[in-house]
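Chemist: Coordinates only, no sequence provided:
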């Protein structure tokens, strides 16, 4: 199963955003990594460089590698509506992302692990594919044997976020994918139009 396994703090510092969750290194060093740190003079970025950075940010944020991300873009471009918004909607519809949004894990990496280790069910059936695409009305829940896991209990206890396209039942550790999110609902700081421009060259 392909996934990014490299350093996270360095990537977060490059984008100056906590894209992998809270990061003390980013708080201490809020400037890009490199030998000369904050004193290094950085020239004006080209249009291509800006577009590439935005694509990289989206990939790291959702934990998707290049081939899979490109395939998502192709699918988004075939759908009705605005391609960039379709792309983010497809990313948000992934099972691992939805497990993260429901608060069953504090990070997308942790959510991916919960899915791949068979702790999550969809409509009563175990699904261990993080990229599984959810449809409207799908019910996501924690497997009965896994409800006592400390990592899940701790994440649920600290989760305060709620999202309009998801319905969550704290008592049963069960959530429902009510509808596909619109761009206004998605909180990620991603300029999707730049990604569209990059892939359209």
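Modeler: Happy to help now that I have it. All values reported here derive from a predicted model rather than from experimental measurement.
Chemist: lowest-pLDDT helix or strand in the protein?
Modeler: helix 24-28 (a mean of 53; mean pLDDT, DSSP states H and E).
Chemist: Same question for the following helix or strand past that one: list its buried residues.
Modeler: Using DSSP states H and E, the helix or strand that follows helix 24-28 in sequence is helix 47-62. Across helix 47-62, burial judged by 16 or more other Cβ atoms under 10 Å covers 51, 53, 54, 55, 56, 57, 58, 59, 60, 61, 62. Any C-beta I mention is one placed from the backbone N, CA and C, and that applies to glycine too.
Chemist: ok, now stretch 192-201?
Modeler: For stretch 192-201, by 16+ other Cβ under 10 Å, it's 192, 194, 195, 196, 197, 198, 199.
Chemist: In contact with the fifth one, which residues?
Modeler: Contacts here follow Cβ atoms under 8 Å, 6 or more residues apart in numbering; on that basis residue 197 touches residue 51.
Chemist: What average pLDDT does stretch 128-142 get?
Modeler: In this model, stretch 128-142 has a mean pLDDT of 97.
Chemist: Check the residue positioned nearest the centre of the chain and give its pLDDT.
Modeler: With distances taken as Cα atoms, centre = their mean, residue 62 lies nearest the centre of the chain, 2.9 Å away. Looking at residue 62, its pLDDT reads 93.
Chemist: so residue 175 is in which element?
Modeler: strand 174-177.
Chemist: so whichever helix or strand comes after that strand versus helix 47-62, what angle?
Modeler: Next along the chain after strand 174-177, taking DSSP H and E as the criterion, comes helix 192-199. Between helix 192-199 and helix 47-62, the angle comes out at 120 degrees (axes from the mean of the first three to the mean of the last three Cα atoms, to 10 degrees).
Chemist: Let me see the contact set for residue 77.
Modeler: Contacts of residue 77 (Cβ under 8 Å, 6+ apart): 83, 86.
Chemist: one more time with 7 Å, if that's ok
Modeler: For residue 77, the contact set (Cβ atoms under 7 Å, 6 or more residues apart in numbering) comprises residue 83.
Chemist: Assign a three-state SS to it, would you?
Modeler: Of the three states, residue 77 takes helix under DSSP: H, G, I helix; E, B strand; the rest coil.
Chemist: where does it land on pLDDT?
Modeler: 96.
Chemist: before we move on, what about residue 39?
Modeler: 56.
Chemist: For residue 149, give me its contacts.
Modeler: With Cβ under 7 Å, 6+ apart, residue 149 has these contacts: residue 119.
Chemist: Revised request: answer the last question for residue 55.
Modeler: 195, 198.
Chemist: That one and residue 133, how far apart?
Modeler: 21 Å (Cβ to Cβ, to the nearest Å).
Chemist: returning to that earlier point: got TSV for the buried residues of helix 47-62, with distance to residue 182 too?
Modeler: Shown next, in TSV, are those (distance: Cβ to Cβ, whole Å):
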residue	distance to residue 182
51	23
53	25
54	20
55	22
56	24
57	21
58	17
59	22
60	23
61	18
62	17
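Chemist: nearest to residue 113, of the residues you listed?
Modeler: residue 62 (15.2 Å; Cβ to Cβ).
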